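A.B. asks: have a look; sequence and predicted model below, questions after that.
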Amino acid sequence: MIDAAEKQFLQARTLLREGKVEESLQLLNLILARQPEFGKGQALLGHLLYHYFRDFTNAEEAFRKAMRQTPNHDETYLDYAALLLQLERFTETVAVLNKAMEVPGIEKDKVYGRFGMLSERQERWDEAIDYYSKALLFTFSLEAITGYEEDVNRVLKKKSKV
């Protein structure tokens, strides 16, 4: 049986998918006011703050709380790694991605994709190609396969320009 916080969390995610960012945030704030230790809610708050409001400091705080409260919630690690990568905090990005690899059920292709992005950002072309190739091997999505192939081709182009 799903409890009230979980139901509201699912509602907040649905609102976000429908493009109702403000409504999603309001519902999420309500959930977290009642249950500040609800890790999935913290993760979604971090996602909203990072992707929609560009509030990196508070997004990071929410991701850290989410990782402590719900350590097996895979979306937290992927979003937090993306934030750290954007902030060029590479050592921390590696640590988060390594931790993500230990999360049961995480889609490893997405983690390898983030490692590929990290390597690409650091201009380590061969390493980036290796990670994107691993991501290709671990995905079951045709759409993702196309994306990872494009990533490999982009890195090959960059590598040829250097």
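C.D. replies: That came through, no problem.
A.B. asks: let me see the contact set for residue 90.
C.D. replies: 84, 118, 121, 122 (C-beta atoms under 8 Å, 6 or more residues apart in numbering). For every residue, glycine as well, the C-beta is placed using N, CA and C.
A.B. asks: surely residue 47 and residue 79 touch.
C.D. replies: Yes: judged on C-beta atoms under 8 Å, residue 47 makes contact with residue 79 at a distance of 5.2 Å.
A.B. asks: which one's more surrounded, the two?
C.D. replies: residue 47 (25 against 22; other C-beta atoms under 10 Å).
A.B. asks: list the contacts of that one.
C.D. replies: So residue 47 contacts 59, 75, 79 (C-beta under 8 Å, 6+ apart).
A.B. asks: state the pLDDT value of the last one.
C.D. replies: Translated: residue 79. We note a pLDDT of 98 for residue 79 in this prediction.
A.B. asks: now for it: which residues touch it?
C.D. replies: 43, 46, 47, 50, 51, 63.
A.B. asks: only the buried members of those residues: can you turn that into a PyMOL selection?
C.D. replies: In PyMOL, this line selects whichever of these come out buried by 16 or more other C-beta atoms under 10 Å:
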select buried, resi 43+46+47+50+63
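A.B. asks: among the contacts of residue 79, name the ones in helices.
C.D. replies: 43, 46, 47, 50, 51, 63 (DSSP state H).
A.B. asks: just the residues you listed now: which is nearest residue 25?
C.D. replies: Using C-beta to C-beta, residue 47 comes nearest to residue 25 of those, at 10.6 Å.
A.B. asks: max-length helix in the protein?
C.D. replies: Longest helix in the chain, counting by DSSP H: helix 142-161.
A.B. asks: CA atoms only for it, dumped as CSV, please.
C.D. replies: Extracted in CSV, the C-alpha atoms of helix 142-161 (Å, rounded to 0.1, in the frame of the first residue of the first chain):
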residue,chain,number,x,y,z
LEU,A,142,17.0,1.9,-29.3
GLU,A,143,16.7,5.6,-28.6
ALA,A,144,19.5,5.5,-26.1
ILE,A,145,21.7,3.5,-28.6
THR,A,146,21.3,6.3,-31.1
GLY,A,147,22.2,8.8,-28.5
TYR,A,148,25.3,7.0,-27.4
GLU,A,149,26.4,6.4,-31.0
GLU,A,150,26.0,10.2,-31.5
ASP,A,151,28.1,10.8,-28.4
VAL,A,152,30.9,8.5,-29.8
ASN,A,153,30.8,10.3,-33.1
ARG,A,154,30.9,13.7,-31.5
VAL,A,155,34.0,12.7,-29.5
LEU,A,156,35.7,11.3,-32.6
LYS,A,157,35.2,14.6,-34.3
LYS,A,158,36.6,16.5,-31.4
LYS,A,159,39.5,14.1,-31.2
SER,A,160,40.3,14.7,-34.9
LYS,A,161,40.4,18.5,-34.4
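A.B. asks: no further queries at this time; thank you.
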